[in-house]
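**Student:** sequence first, predicted coordinates after that:
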Amino acid sequence: MSANLSVLAATLDEAARTATEATQLIETHPDLTIEDAYAIQLLNVQRRWARGERRVGYKMGLTSRAKMQQVGVSEVIWGRLTDAMRLEEGGTLSLGRYVHARVEPEIAYIIGKPLSGEVSAAEALAAVEAVAPAMEIIDSRYKNFKFSLPDVIADNSSSSGFYVGAWSKPDTDVSNLGIVMEVNGRAVQVGSSAAILGNPVRSLVSAARLVGRAGESLMPGDIVLAGGATAAHSLSVGEHIRTVFQTLGAVSFTVG
Ligand code: OOG
Ligand code: MG
């Protein structure tokens, strides 16, 4: 199977680089396991590193019911972030670089102390250096944004970009913050950070466990995106997206 995994990885890497749709891997490989899928994800992140991108952290996915329902997959997943995915807050996003990009409100953590394996919420919080409001650009490479659990994991959990706003102190309470995502001034998604596993710190606990299982650790300086708090919004050219987070501030960009 391993020779095959690199062929499958190459297909997804090509789809991401050229912003073209790919067919779901399980259509041709119905036996693809979760383990295979994470192996494919790692192969493609290694390709990115080989092209000069740098590791900057992790993203958690499907940590809220709204997200699980929107994509029809209900397992917490994770992916890897590189510096090339970081987008300039307040800038213009070129939609042509993506297959069918969506945006979702997230909470970002920056890690101050290594964290891996089974940790308590208190231990996870103690490892946080700062928290910030964030938005993630997700762009499933699969046709119609439709995928199975192994498909989405192999596709680096749809990760393609992220915006981070101003950092706040690590003891800022982000357990239940109101969130409003606006498109051209009109609210399109309204929610709370509590939608993220009841408290976004639980996403950090899951991140430590899941990356630990893969032999990795959340490291000082790493950014961790806790997962979308609401369903994602499909982007169109001309939209100004602004998400306001109670007490943390706002994050915005324009779609060009
Ligand atoms: C999968 C990625 C999920 C989140 O925050 O829940 C995700 C997808 O929706 O394409 O990033
Ligand atoms: Mg997300």
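**Tutor:** Here it is on my side, so go on. Ligands and ions are numbered 1, 2, ... in the order given.

**Student:** got the contact list for whichever residue of the stretch 101-250 of the chain sits closest to ligand 2?
**Tutor:** Closest contact between the stretch 101-250 of the chain and ligand 2, by Cβ to the ion, is at residue 136 (3.9 Å). From N, CA and C alone the C-beta is placed, and that goes for glycine too. Residues in contact with residue 136 (Cβ atoms under 8 Å, 6 or more residues apart in numbering) are 59, 103-104, 106, 159, 161-163, 225, 228.

**Student:** that one bridge partners, please.
**Tutor:** Applying DSSP bridges to residue 136 gives these bridge partners: residue 104, residue 162.

**Student:** tell me the confidence at it?
**Tutor:** For residue 136, the pLDDT comes out at 98.

**Student:** so what's the residue count around residue 83?
**Tutor:** 12 (other Cβ atoms under 10 Å).

**Student:** that one and residue 57 touch, don't they?
**Tutor:** No. Counting by Cβ atoms under 8 Å, residue 83 stays clear of residue 57, with 9.9 Å between them.

**Student:** the one helix or strand residue 57 maps to - contacts with which helices or strands?
**Tutor:** Assigned by DSSP states H and E, residue 57 belongs to strand 55-61. Applying 3 or more Cβ pairs under 8 Å, 6 or more residues apart in numbering; DSSP states H and E, one finds that strand 55-61 makes contact with strand 77-82, helix 200-213, strand 223-225.

**Student:** would you put the C-alpha positions of that strand in PDB?
**Tutor:** C-alpha atoms of strand 55-61 as PDB (Å, rounded to 0.1, in the frame of the first residue of the first chain):
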ATOM      1  CA  ARG A  55       6.100  24.400  10.300                       C
ATOM      2  CA  VAL A  56       4.000  26.800  12.400                       C
ATOM      3  CA  GLY A  57       1.600  24.600  14.200                       C
ATOM      4  CA  TYR A  58      -1.600  22.600  14.000                       C
ATOM      5  CA  LYS A  59      -5.300  23.000  13.200                       C
ATOM      6  CA  MET A  60      -8.100  21.000  14.900                       C
ATOM      7  CA  GLY A  61     -11.200  20.300  12.900                       C
END
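
**Student:** nothing else from me, thank you.
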